[in-house]
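>>> build me a model from this:
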Amino acid sequence: MVKAPTKHLFATALLLFGGSVAILWPSHWFGGAIILGGLAYGTAVAFIPHTPLRWPITLLALLALLSPTLITADPAATQPAANWFAASLAGYALFLGWATTPTRQQTAAALLVLMGSGFALLAPFLVTWGRIKISLIPSAVYTIFPTLAADAVHPNTLASALLLLLPLPLAWVLADFHHRNRIWWLALLAALLIGGVLFLTQSRAGYIASAVSLILLLWLANWRKTSLGAGTLLLMGSFALILLTNTAAPADPFTTATDTGSFNFRLQVWSHTLDLLHDFPLHRCGYGRIQPRF
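Reported below is the predicted structural model:
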């Protein structure tokens, strides 16, 4: 019988090799196939912990593998998107297989917080701040951050990335609130840094989502009364923010229809999404097939 560590090493090798092939040759299907095999094998030998997500993750990888051949009408566009998605699942599985002890989990959390802090320091120089929609912050503040990237990102795109990074340092702060040490202060600094850059994006959805994540963290940390109070303030603030931003909307319908930060643009996206669900109710249209046409 093969020992468990050897099986785990083989699962690691499959996922690493498959992920590398999928990234280096995204137009070919065999990288995703190797990843799917690694996920299935890793689940069978318990390299991937037996969580409720283990089989849904494997099914997602299977869907990514089948999408370019059985679902999409444009395999050339779908195959690279499917491979990148499969590679991200391989990275997630590798992380689960490695972070199996409290020490490794704490190390991984510290590395993620450090990565998030570094990203927050760099991110303001990669954004087109001229697309700000509301006036919570004076425009002169954004002149501090010259755009250093040729292909700069939208503030909402930055906000969506920061939302994934913010809850971890916040959870660390709440978990060790009564035992403040050097690590606690570093986590607080990281939370303020990531949250501050998120505030600069002036993303309305980002504000609401970050507030919801904070409320859930307060609830899980057994700060139930604080969580309920924060929830009430969130609802009131959400309505106030919607009223504040919608009253100053531009009158030109063409401007609002083509401005990706406007509510009118979102209505058109939602309408086209409903049409897409109606036309492809079962198998959808494939990865990488939705392209902006405004």
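
>>> so after the worst-scoring helix or strand of the chain on mean pLDDT, what's the next helix or strand?
Lowest on mean pLDDT, DSSP states H and E among the helices and strands of the chain sits helix 253-258, with a mean of 51. Reading on from helix 253-258 to the C-terminus, the next helix or strand found by DSSP states H and E is helix 263-279.

>>> how far away from the center of its chain is that following helix?
Between the centre of helix 263-279 and the centre of its host chain there is 22 Å, according to Cα atoms, centre = their mean, to the nearest Å.

>>> check which helices and strands that helix sits against.
Helices and strands touching helix 263-279, by 3 or more Cβ pairs under 8 Å, 6 or more residues apart in numbering; DSSP states H and E, are helix 253-258. Yep, even glycine has a C-beta here, placed from its N, CA and C like the rest.

>>> for stretch 167-182, how far is the first residue from the last?
End-to-end distance of stretch 167-182 (Cα to Cα, to the nearest Å): 19 Å.

>>> contacting residues around it?
Outside stretch 167-182, the residues that touch it by Cβ atoms under 8 Å, 6 or more residues apart in numbering are 109, 112-113, 116, 183-184, 187-188, 190-191, 194, 213-214, 217-218, 220-221, 223.

>>> show me where the stretch 151-294 of the chain has strands.
Here the stretch 151-294 of the chain has no strands by DSSP state E, counting those that start in this stretch.

>>> helices of that one, start to end?
155-165, 167-175, 182-200, 204-220, 224-246, 253-258, 263-279 (DSSP state H, counting those that start in this stretch).

>>> which one of those lies nearest to Trp55?
helix 155-165 (23.4 Å; Cβ to Cβ).

>>> domain ranges for the protein?
4-98, 104-248, 252-294 (automatic domain parsing).

>>> so of the ones you listed, which one's packed in deepest?
domain 4-98 (a mean of 19; mean count of other Cβ atoms under 10 Å).

>>> for this protein, give me the ranges with low pLDDT.
1-4, 131-135, 238-239, 241-263, 280-294 (pLDDT under 70).

>>> kindly recompute the last result at 80.
1-5, 50-74, 130-140, 147-152, 177-179, 204, 224-273, 275-294 (pLDDT under 80).

>>> could I get the contacting residues of Ile183?
Counting by Cβ under 8 Å, 6+ apart, Ile183 has contacts Ala110, Trp172, Asp176.

>>> and of the residues you listed, the nearest to Ile137?
The closest of those to Ile137 turns out to be Trp172 (Cβ to Cβ; 27.1 Å).

>>> for Ala109, see how far away the closest residue to Ser117 other than its chain neighbours is.
By the measure of Cβ to Cβ, 6 or more residues apart in numbering, the closest residue to Ser117 outside its immediate chain neighbours is Ala190, 4.6 Å from it. As judged by Cβ to Cβ, to the nearest Å, Ala190 and Ala109 stand 11 Å apart.

>>> repeat for Phe199
From Phe199 to Ala109 the distance is 23 Å (Cβ to Cβ).

>>> next: Ala209.
In this view, Ala209 and Ala109 are 21 Å apart by Cβ to Cβ.

>>> and Leu112, what helix or strand is that in?
helix 102-122.

>>> what sits up against that helix?
Contacts of helix 102-122 (Cβ under 8 Å, 6+ apart): 95, 98-99, 161-162, 165-166, 168-169, 172, 183, 186-187, 189-190, 193-194, 196-197.

>>> relative to helix 155-165, how tilted is it?
160 degrees (axes from the mean of the first three to the mean of the last three Cα atoms, to 10 degrees).

>>> now helix 102-122: how far from the chain's centre is it?
Relative to the centre of its chain, helix 102-122 is centred 15 Å away, using Cα atoms, centre = their mean.

>>> what of stretch 196-214?
14 Å.

>>> what about that stretch, start to end distance?
15 Å.

>>> hang on, the earlier thing: residue contacts, the residue nearest to Ser117?
Val113, Leu114, Gly116, Ser117, Ala120, Pro169.
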